[in-house]
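Trainee: coords below, sequence missing:
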């Protein structure tokens, strides 16, 4: 067996390796300092520090369109204002979410409260009292009943020939919040900043059930129900992404929102290759994600998309091989606030409060937008 030659040992500096540094609390004055220091430590601390670096790079790249994907009970867990911060500061330009997250967020931003779960109360007691439990959070059923009334009020005012999609519904909910509430809220911030919010699995939530109940009531009462076409969401999002120079992902959790947002890259490739010869839309181009930051505790070995690595996404044609990606396998309610606050402080030290980017709707996207506006298709 060949033995190593001690005279040929490298120092680390010989190969341009980055030296680690002890975490010195005496030199740390804010979250930015802390995460900068953690990026030069190891294990979970380093991934959190490097995540802040990745987020800073993606939002300050003037050509990058950032898509936020959200899953998990982040709004009843009181993380909703973090989304508002990222939208209002120009960090994200489109949102893909679960319906439940947006439903509970609407409850919150319309002035209603969630509560701490009292373990002394059994789940059967909670049911009888109209308390819905989300681990250690209580969502009173009365909140959802009142939200249903607002949703029906909004739908009743829409033109009868409008084709509904999740994007048009979330836009109208955001408009209602801007006109009727003082509180901040995700859909309100998104409406004010012209950030589209898509819910791919829209019927898998209380919000989806509210819409279904309204349409069912229309049919029973002899009215013509609204049309609902989720493919128009996909078309709108695909056109929006197709127009960008570079794209990035900021992901909390995984599931349907993550995959729906990511699959746009293979979809654009399929459109180019599957259309009849010389019939593919000439404006369609290929694009893959250049940046990504994922915060989710699920391990990769379970095989689910929530734990899927960005490297695996390269094999599907979703991510660029040479992209800038960070993955933090931690509870988002713990590390997301640290990362976001650190990046905000890093920007403020440079005199930057908001990121200003101008992503205009081109003529092609305007046409797609009209399909889900006040007019019928065709």
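Mentor: Received, thanks. Predicted, not measured: the structure shown is a model, and the values here were computed from it. Numbering: from 1, shown residues only.

Trainee: where are the low-confidence patches of the stretch 101-250 of the chain?
Mentor: Scanning the stretch 101-250 of the chain for pLDDT under 70 picks out no residues.

Trainee: residue boundaries of the helices in it?
Mentor: Using DSSP state H, counting those that start in this stretch, the helices of the stretch 101-250 of the chain run over 123-128, 141-156, 166-180, 186-192, 206-220, 231-242.

Trainee: how far out from the middle of the chain is the shortest one?
Mentor: So the one you mean is helix 123-128. 32 Å (Cα atoms, centre = their mean, to the nearest Å).

Trainee: show me the contacts for the spatially most central residue of the chain.
Mentor: In the chain, the C-alpha nearest the mean C-alpha coordinate belongs to residue 69, at 2.2 Å (Cα atoms, centre = their mean). Taking Cβ atoms under 8 Å, 6 or more residues apart in numbering, we find residue 69 in contact with 95-97, 249-253, 257-258, 260-261. Where C-beta positions appear, they are placed from N, C-alpha and C, glycine not excepted.

Trainee: sitting in strands, which of those do you find?
Mentor: Secondary structure from DSSP state E places 95-97, 249-252 of the contacts of residue 69 in strands.

Trainee: among those residues, which pair sits farthest apart?
Mentor: For the ones in strands among the contacts of residue 69, the maximum inter-member distance is 13.3 Å, found between 97 and 249 (Cβ to Cβ).

Trainee: between those two, which is the more surrounded one?
Mentor: residue 97 (33 against 26; other Cβ atoms under 10 Å).

Trainee: pLDDT value on the more buried one, please?
Mentor: Looking at residue 97, its pLDDT is 97.

Trainee: which residues touch it?
Mentor: Neighbouring residues of residue 97 by Cβ under 8 Å, 6+ apart: 69-71, 197-199, 257.

Trainee: ok, 10 Å please
Mentor: 68-71, 74-75, 83, 103, 105, 166, 170, 186-187, 197-202, 205, 252-253, 256-257, 260-261 (Cβ atoms under 10 Å, 6 or more residues apart in numbering).

Trainee: ditto for residue 26
Mentor: By Cβ under 10 Å, 6+ apart, residue 26 has no neighbours at all.

Trainee: so it belongs to a strand, correct?
Mentor: No - per DSSP: H, G, I helix; E, B strand; the rest coil, residue 26 lies outside any strand segment and is helix.

Trainee: now do the buried residues in stretch 198-215.
Mentor: Residues of stretch 198-215 classed as buried: 198-202, 205-211, 214-215 (neighbour count, 16 or more other Cβ atoms under 10 Å).

Trainee: what segments of the chain are strands?
Mentor: Listed in chain order, the strands found in the chain under DSSP E are 64-70, 94-97, 115-116, 131-134, 137-140, 163-164, 197-198, 227-228, 246-252, 289-295, 319-328.

Trainee: partner strands of the second one, with direction?
Mentor: Strands flanking strand 94-97 in the sheet, each with its direction: strand 64-70 (parallel), strand 197-198 (parallel) (DSSP bridges).

Trainee: determine which of these approaches residue 323 most closely.
Mentor: That would be strand 64-70 among those, by Cβ to Cβ, at 11.0 Å.

Trainee: for residue 296, see how far away the closest residue to residue 184 other than its chain neighbours is.
Mentor: Spatial nearest neighbour of residue 184, chain neighbours left out: residue 84 (4.9 Å); criterion: Cβ to Cβ, 6 or more residues apart in numbering. Computed as Cβ to Cβ, to the nearest Å, the residue 84 to residue 296 distance reads 21 Å.

Trainee: neighbour count for the two, which is higher?
Mentor: More neighbours surround residue 296 than the other of residue 84 and residue 296, with 24 against 21 (other Cβ under 10 Å).

Trainee: who's in contact with that one?
Mentor: 71-72, 251-255, 258, 304-308, 327-332.

Trainee: quick one on the thing from earlier: turn the buried residues of stretch 198-215 into a markdown table, including distance to residue 7.
Mentor: Output for the buried residues of stretch 198-215, formatted as a markdown table (distance: Cβ to Cβ, whole Å):
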| residue | distance to residue 7 |
| --- | --- |
| 198 | 61 |
| 199 | 63 |
| 200 | 60 |
| 201 | 62 |
| 202 | 66 |
| 205 | 66 |
| 206 | 70 |
| 207 | 69 |
| 208 | 69 |
| 209 | 73 |
| 210 | 74 |
| 211 | 74 |
| 214 | 79 |
| 215 | 79 |
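
Trainee: could I get the contacts of residue 69 as CSV with distance to residue 27?
Mentor: Formatted as CSV, these follow (distance: Cβ to Cβ, whole Å):
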residue, distance to residue 27
95, 37
96, 39
97, 39
249, 33
250, 29
251, 32
252, 30
253, 34
257, 39
258, 37
260, 43
261, 38
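
Trainee: who are the contact partners of the closest residue to residue 30 other than its chain neighbours?
Mentor: Distances taken as Cβ to Cβ, 6+ apart place residue 345 nearest to residue 30, at 5.2 Å, with adjacent residues excluded. Counting by Cβ under 10 Å, 6+ apart, residue 345 touches 29-35, 52.
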